[in-house]
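[1] model the following, please.
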Amino acid sequence: MTADKEKRRAISREAARRRRRVESDVFSDLSRLLPLQPTVRAHLDKPSVIRLTLSYIRMHALLKGNPGIKAEGGKAVKCGQSNGSAECQESDRACDEEEKGAEEDAEPSEETNMYLRTLEGFLMVLSSQGDMIFLSHNVSKYMGLTQTELMGHNIFEFTHPCDHEEIKNNLRLATGEVWCGGKRDFVMRIKSALTHRGRSTNLKSATWKVLHCQGRAKACITSSSCLLLTCQPLPLSHRLLSTHTFTSQHRMDMKFTYCDQRVTNLLGYRAEELLGRSIYDLCHTMDINCLTKNHINLCIKSQSVSGQYRMLVRGGGFVWVETHSAVIPSSRPSRSRPGTSPPLCILCVTYVLSGVEEPSLQLSLDQTVPTYQC
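    Okay, the predicted model is just below:
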């Protein structure tokens, strides 16, 4: 009886080893089909292979517009099954050639790298449920997490809980947007594993990074909709300053406390006469909502970008501008909230995007008076 038990156990162990071997072979064949570099594929575990495979299938269906499995995909899987026949050997050679071609395709082209450098951000494709089905390879430069670590995960796992409702609203496709697509422009906070010195840390020590997301919502064949976005980080940078840019500081109610002298050449106002005035006084009435949204984002997320709006010019007319803003915290901690610093001021960098339009049109009394009455 004991001998029979040992025999059955030996058979069971051998069957389990065979199953694990077959499973490993299947996962190895599957990982080889992924358009990734061999060094990346070598470090993928089984859940990652499944997650990335599903993401690439969804992305492939999205690009081809066909939810069915392609014939060449089925052929590639069959190549992994070898029975020693001449046909399979020929298929193996074809499969090796396809694999080499896939490795070459996995390398980003110089043109793609140039576009991503110009963008100063990364690309993201989200499903209607918020799954990240594609991210450009340079995402690690901004988040400290690689493309393979993020693809297939849900965006809500990495974004600030207070921004989830706004993200859900942008994922929805309204009735009027089904055929033409809907523009999207919002700011969200996302986990970043990069320190201030550019070093990578673990996700438990991640900090929040503010991203400016722009793109379109599209109706898809495979799912209800998807979101195509360009994501740019919003550190307030002075390296882009030029003669068509001016900086300013404001209180939390957006009243000027400082403005540099370049505003005179761009808008006609002297810097000292703007002190104590609100930036809303210089904004075109029809663009007040744009500034209000920017102001709310600032108060909640500490950084924001206004989008394009019109700023009034002394003497008449307006120019199109875009303002990048950040809340600068005080160095001393708050008494009511120990460990946090109260806001010191709002720092803005305003980019003038156009020349003066409608110079004979005066939209405010402030455009007609020689100086402000402070």
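[2] where do the strands sit along the chain?
    Shown for the chain, the strands assigned by DSSP state E span residues 122-127, 132-135, 182-192, 207-218, 226-233, 245-250, 256-259, 303-312, 318-329, 343-352.
[3] want to throw these into TSV with mean neighbour count?
    Where you see a C-beta, it was placed from the backbone N, CA and C, and this is true even at glycine. Shown next, in TSV, are the strands of the chain (neighbours: other Cβ atoms under 10 Å):
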stretch	mean neighbour count
strand 122-127	22
strand 132-135	22
strand 182-192	18
strand 207-218	19
strand 226-233	20
strand 245-250	19
strand 256-259	19
strand 303-312	20
strand 318-329	19
strand 343-352	19
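[4] can you redo those as JSON lines with distance to residue 9?
    Supplementary listing: the strands of the chain in JSON lines, determined by distance: least, Cβ to Cβ, whole Å:
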{"stretch": "strand 122-127", "distance to residue 9": "46"}
{"stretch": "strand 132-135", "distance to residue 9": "45"}
{"stretch": "strand 182-192", "distance to residue 9": "48"}
{"stretch": "strand 207-218", "distance to residue 9": "53"}
{"stretch": "strand 226-233", "distance to residue 9": "51"}
{"stretch": "strand 245-250", "distance to residue 9": "76"}
{"stretch": "strand 256-259", "distance to residue 9": "80"}
{"stretch": "strand 303-312", "distance to residue 9": "63"}
{"stretch": "strand 318-329", "distance to residue 9": "66"}
{"stretch": "strand 343-352", "distance to residue 9": "69"}
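[5] which one of these lies nearest to residue 24?
    Among the strands of the chain, strand 132-135 comes nearest to residue 24, with 26.5 Å by Cβ to Cβ.
[6] packing partners for that closest one?
    Applying 3 or more Cβ pairs under 8 Å, 6 or more residues apart in numbering; DSSP states H and E, one finds that strand 132-135 contacts helix 46-64, strand 122-127, helix 147-150.
[7] from the chain's centroid, how far away is stretch 129-138?
    In terms of Cα atoms, centre = their mean, to the nearest Å, the centre of stretch 129-138 is found 9 Å from the chain centre.
[8] ah, wrong one, I meant stretch 16-23
    Using Cα atoms, centre = their mean, the offset of stretch 16-23 from its chain centre is 40 Å.
[9] I'd guessed residue 291 sits against residue 282; true?
    No. Distance between residue 291 and residue 282: 9.6 Å, which falls outside the contact criterion (Cβ atoms under 8 Å).
[10] more neighbours: these two, which one.
    Between residue 291 and residue 282, counted using other Cβ atoms under 10 Å, residue 282 has the larger neighbour count: 24 against 21.
[11] what residues are up against that one?
    Counting by Cβ atoms under 8 Å, 6 or more residues apart in numbering, residue 282 makes contact with 267, 269, 274, 311, 312, 366.
[12] give the bridge partners for the nearest residue to residue 284 once chain neighbours are set aside, please.
    Residue nearest to residue 284 in three dimensions, not counting chain neighbours: residue 310, with 3.6 Å by Cβ to Cβ, 6 or more residues apart in numbering. Beta-bridge partners recorded for residue 310 (DSSP bridges): residue 320.
[13] count of neighbours near the residue nearest to residue 256 when sequence neighbours are not counted?
    Distances taken as Cβ to Cβ, 6+ apart place residue 274 nearest to residue 256, at 4.5 Å, with adjacent residues excluded. When counting by other Cβ under 10 Å, one arrives at 22 neighbours for residue 274.
[14] again, but for the one 10 residues further on
    Applying the criterion other Cβ under 10 Å, we find 16 residues in the vicinity of residue 284.
[15] I'd assumed residue 318 was in contact with it.
    Yes. Under the criterion of Cβ under 8 Å, residue 284 makes contact with residue 318 at 5.7 Å.
[16] what do these two both touch?
    Jointly contacting residue 284 and residue 318 under the rule Cβ under 8 Å, 6+ apart are 310, 311, 312, 363.
[17] residues touching the first one, list them.
    Contacts here follow Cβ under 8 Å, 6+ apart; on that basis residue 310 touches 283, 284, 286, 287, 318, 319, 320, 321.
[18] any idea how far residue 14 is from it?
    Distance, residue 310 to residue 14, by Cβ to Cβ, to the nearest Å: 77 Å.
[19] same question, the second one
    With distances taken as Cβ to Cβ, residue 311 is found 78 Å from residue 14.
[20] check residue 57 too.
    For residue 57, the distance to residue 14 - Cβ to Cβ - is 34 Å.
[21] same thing with residue 278?
    As judged by Cβ to Cβ, residue 278 and residue 14 stand 80 Å apart.
[22] quick check: bridge partners of the residue nearest to residue 349 when sequence neighbours are not counted?
    Leaving aside its sequence neighbours, residue 349 sits nearest to residue 324 (Cβ to Cβ, 6+ apart; 4.9 Å). Under the criterion DSSP bridges, residue 324 forms beta bridges with residue 305, residue 349.
[23] numbering from 17 from now on, please.
    New numbering, starting at 17: the last item is residue 340.
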